[in-house]
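>>> Sequence and predicted structure below; questions after.
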Amino acid sequence: MRLLIVEDEPNLRENLTKGLTQAGYLIDACGTGDEADAMLLTETYDLIVLDINLPGMDGSTLLEKIRSQDQTVSIIMLTARDALGDRIRGLDTGANDYLRKPFDFPELQARIRSLLRRRTIQEDVILSAAGLQMDTRTRLVTANGKPLPLTKKEGQILEYLLLHKGRPVSQEEILAHAWDDTVNAFTNTVRVHMSALRKKIRAATGKNRITNCIGEGYRIDE
Ligand code: CA
């Protein structure tokens, strides 16, 4: 899952980037609304953490701009403690949730998990299909109940497939959601990691669990 953090306080931005990277997300971060606006032209994100008080284009304006073009990306806004007007305006213009500063990091994480689950109508923190289970909190994966050690990248690919189980997911789509720098990545890179992931799953379960749909991508079934 790819997240964009828009926050002008350098310390908070760095802490969020660090914490959420450790939590297994791919993070891009910037400090102004204008930078975020430019990044959104070329990159695709699953969720945006958006500070409302930003220099230049403020968060409310950016929020309206994003929503005029994209109804699906989840947006959590960060507001000052007493900024009730900002929160109302933000929720009215399409923010999915908000947090008042200062907030506790575990709460932000829980809100992010909740929004990403709602996006895919996945009610559980455990994703599962075909004998595979992934705990999205701990990032631990099991195959038929036994631990299946994966690299970070393999875990991110598997998570995306599990979230979209039953339909083929193209290499381009995987690249857009499981890589943080699509500029220097190629679909061949996806193929290499996918091949390693499929090999591990086959070794652990005795079966091919990820179907290669020619011309369409990869699919994992229930
Ligand atoms: Ca700010």
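Sure, I can see it.
>>> I'd like to know which helix or strand in this protein has the lowest mean pLDDT.
Least confident helix or strand, the chain: helix 171-178 with a mean of 84, by mean pLDDT, DSSP states H and E.
>>> contacts for that one?
Identification of contacts with helix 171-178 by CB atoms under 8 Å, 6 or more residues apart in numbering yields 1-2, 26, 43-44, 46, 153, 156-157, 159-160, 182, 185-187, 189-191, 194, 217-218. No exception for glycine: its C-beta is placed from N, CA and C like everyone else's.
>>> Contact partners for the residue lying closest to residue 213 once chain neighbours are set aside?
By the measure of CB to CB, 6 or more residues apart in numbering, the closest residue to residue 213 outside its immediate chain neighbours is residue 168, 4.3 Å from it. Residue 168 is in contact with 211, 213, 216-219, counting by CB under 8 Å, 6+ apart.
>>> Relative to the ion, how far out is residue 168?
Distance of residue 168 to the ion, given as CB to the ion, to the nearest Å: 41 Å.
>>> Kindly report the same for residue 155.
Counting by CB to the ion - residue 155 and the ion are separated by 32 Å.
>>> close enough to count as contact, that residue and residue 140?
No: using CB atoms under 8 Å, residue 155 makes no contact with residue 140, being 9.1 Å away.
>>> any low-confidence regions in this structure?
119-124, 181-185 (pLDDT under 70).
>>> After the lengthiest helix in the chain, which helix or strand is next?
The longest helix of the chain (DSSP state H) is helix 187-205. Following helix 187-205 in sequence order, the next helix or strand is strand 210-213 (DSSP states H and E).
>>> Secondary structure element holding residue 159?
Counting by DSSP H and E, residue 159 is part of helix 152-163.
>>> check contacts around whatever residue of the chain ends up closest to the ion.
Of all residues in the chain, residue 53 sits closest to the ion, at 3.9 Å by CB to the ion. By CB under 8 Å, 6+ apart, the residues touching residue 53 are 8, 59, 79-80, 83.
>>> Now do the shared contacts for residue 155 and residue 140.
With CB under 8 Å, 6+ apart as the test, residue 155 and residue 140 both reach residue 134.
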